[in-house]
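[1] Okay, predicted coordinates and the sequence, questions at the end:
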Amino acid sequence: MRILLTGKNGQLGRCFQDVIKNTELALFAFDSAELDITNAQNIDQVVRQTKPDIIVNAAAYTAVDKAETDSETAYLVNATGPCLLAEQAARLNIPLIHISTDYVFDGEAVEPYKPSDVTNPQSVYGASKLAGEESVTATCDKYIILRTAWVFSEYGNNFVKTMLRLAKERDSLGVVADQYGSPTYAGDIASAILTLCLDYQQNGSLAWGIYHFSGDIPTSWHGFARAIFSKAYQHGLLSKQPKLTALGTEQYPTPAKRPAYSLFDSKELDELHLSSSPWLQGLDKVLKNL
Ligand SMILES: NC(=O)c1ccc[n+]([C@@H]2O[C@H](COP(=O)([O-])OP(=O)(O)OC[C@H]3O[C@@H](n4cnc5c(N)ncnc54)[C@H](OP(=O)(O)O)[C@@H]3O)[C@@H](O)[C@H]2O)c1
């Protein structure tokens, strides 16, 4: 089974390369210089060379605030790119595994979002990712879209690494406490995608559709920061834990609006033989590896 991976240097891209190492699947992984997902000719050439059985799209424009003033690039990478990949998947009659986000929702819900719930993105990033989902579902039949949230890992820039840096620089810091969601370890998303690839290899099919894949325990950014400091202290990465203050969203203004509530209902993951990311264990792994 031959797998074409885009965005190999991102958090998910790197975690996917880690989890696939101990399998017999053949991975053809590309960074944005080798495979620009906004370039149809480039995709066509790489697909003809690699002859994939599955395409995994880990590439995305993820600079949420920058997207507010750079919507053209955000749409190119998050909407046009997935559409071009979906065209290839349809042409070859192979699956496309694509990743989306909680930012497709407005965060006004009072109970966990189901995949079928009404979308209403509040930011350019969220709208561009929704446009990507729509182009994938309209272009090919064999797709799995995993919406995820609050992704962290050993790699790249993420909330865990930012908190660790700030904890070393400061004695106290304020973190937003009125936005709720579930942190997700990119290694768990990668393992979930690997399970999908192996299932497809074995059964020749998957329960195509859109699914919610995020952490198993809800928290706020403030709660997430507290868990990071406490575990980093236990792991010896911090000599002391900083004093943590709870901020309201209005005290930490950002160019892009974040959903205040983005918990996912992930019951439908059963259909894919997957379960939510045990993110506290993921956090332990990341802290051990840093
Ligand atoms: N990070 C989060 O908190 C979060 C939350 C919810 C959903 N998601 C979704 O989860 C997925 C994985 O996110 P991540 O955190 O792993 O992202 P990431 O670390 O920002 O990596 C994204 C990768 O996409 C590549 N890329 C950008 N433009 C490209 C292009 N035109 N062609 C090919 N590659 C391109 C980048 O490569 P270069 O660096 O070489 O440009 C980068 O390595 C994305 O779909 C994202 O939208 C992420």
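    Thanks, I have it. Numbers count the residues shown, from 1 in each chain.
[2] Get me the contact residues on the stretch 1-150 of the chain for the ligand.
    6-7, 9-13, 31-32, 35-38, 58-62, 77, 81, 99, 101, 129, 148-150 (Cβ under 6 Å from any ligand atom). For every residue, glycine as well, the C-beta is placed using N, CA and C.
[3] So residue 144 lies in a strand, does it not?
    Yes: applying DSSP: H, G, I helix; E, B strand; the rest coil, one finds residue 144 inside a strand.
[4] That one against residue 199, yeah?
    No: using Cβ atoms under 8 Å, residue 144 is not in contact with residue 199; the gap is 10.1 Å.
[5] any idea what sits nearest the residue in the chain that the ligand sits nearest to, other than its immediate chain neighbours?
    With Cβ to the nearest ligand atom, the shortest gap between the chain and the ligand falls at residue 10, namely 2.1 Å. If the residues on either side of it in the chain are set aside, residue 10 comes closest to residue 58, at 5.5 Å by Cβ to Cβ, 6 or more residues apart in numbering.
[6] what does the model give the one you found for pLDDT?
    Looking at residue 58, its pLDDT stands at 98.
[7] which stretches of the stretch 1-150 of the chain form helices?
    Listed in chain order, the helices found in the stretch 1-150 of the chain under DSSP state H, counting those that start in this stretch are 11-20, 40-50, 71-75, 81-92, 124-139.
[8] quick revisit: which ones among the residues of the stretch 1-150 of the chain next to the ligand map onto strands?
    6, 99, 101, 148 (DSSP state E).
[9] among the residues you listed, who's most crowded?
    Neighbour counts for those (other Cβ atoms under 10 Å) peak at residue 101, which has 28 neighbours.
[10] so who does the nearest residue to that residue once chain neighbours are set aside touch?
    With sequence-adjacent residues excluded and distances taken as Cβ to Cβ, 6+ apart, residue 101 is closest to residue 129, at 4.9 Å. The contact partners of residue 129, taken as Cβ atoms under 8 Å, 6 or more residues apart in numbering, are 60, 78, 79, 100, 101, 103, 104, 121.
[11] Closest one to residue 182 out of those residues, please.
    Relative to residue 182, the closest of these is residue 101; by Cβ to Cβ it sits at 12.6 Å.
[12] on that earlier part again, okay, residue 144 and residue 199: which has more neighbours?
    residue 144 (25 against 16).
[13] contacting residues for the closest residue to the more buried one other than its chain neighbours?
    Counting by Cβ to Cβ, 6+ apart, residue 144 lies nearest to residue 97, which is 5.0 Å off, once chain neighbours are set aside. The contact partners of residue 97, taken as Cβ under 8 Å, 6+ apart, are 54, 55, 56, 57, 143, 144, 146, 193, 196, 197.
[14] I am finished for the moment; much appreciated.
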